[in-house]
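Asks: one predicted model, sequence on top.
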Amino acid sequence: MFVKILVVSDTHKSRGILKRILMKEEADTHLFFHCGDSMLQGDQLFPFSSVKGNCDIFVDLPKHFEMATPLGLVYITHGEMGIERFPKLIRTCKADILLYGHTHIHRYDYIEDCHCFNPGSPTQPRDGTNGTYLVIEGTCKSDIKWEFRSVDDLPELPKRKKWLWSKN
């Protein structure tokens, strides 16, 4: 079964960027993950399933979670513990895909037979881009393709109408 996963992180209160990403990607996406630091409540993140990041102080979200998918077991965390601790985490949770954020730098590593992705930040990048997010696609564990996508290619939000009030 073909599956498309959309991954974002570190959006820091920007619902606008989430709307723009969804305008482009939502129609054919099956799973939506946010790797933390949205600074939004869960209902404001729909359709994304999210973890709590270090800036999500007043947000009630899990610190991590895992989900079985056709591409294998996906483990989502914010990642503030640092990449040097990922090998032990991967062995413990037996993840096939590890998604994390925190650094605002898009990155891919293959560690302990696990695909490790940081989608970067679409709003506050620290990697020389204007912002990125991640799309992962495939049919099974041995058929995984991914692409870091630029916010430069996103549609603009429709302009709000300005209402003019008359004195009549």
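Replies: Arrived safely.
Asks: make it CA atoms for all contacts and neighbour counts henceforth
Replies: Fine.
Asks: name the helix or strand of this structure that has the lowest mean pLDDT.
Replies: Lowest mean confidence among the helices and strands of the chain (mean pLDDT, DSSP states H and E): helix 86-93, at a mean of 94.
Asks: buried sites along that helix?
Replies: 86, 90 (16 or more other C-alpha atoms under 10 Å).
Asks: mean confidence for the following helix or strand past it?
Replies: Helices and strands here follow DSSP states H and E; after helix 86-93, the next one along the chain is strand 97-99. Here strand 97-99 scores 98 as its mean pLDDT.
Asks: stretch 124-141 too?
Replies: What stretch 124-141 shows for mean pLDDT is 97.
Asks: what about the helices in this structure?
Replies: Taking DSSP state H as the test, the helices found in the chain are 15-25, 86-93.
Asks: closest to residue 119 out of those helices?
Replies: Proximity to residue 119 (C-alpha to C-alpha) singles out helix 15-25 among the helices of the chain, at 12.8 Å.
Asks: run through who's touching the closest one.
Replies: Helix 15-25 has contacts (C-alpha atoms under 8 Å, 6 or more residues apart in numbering) with 6, 11, 44, 45, 122, 123, 151, 154, 155, 156, 157.
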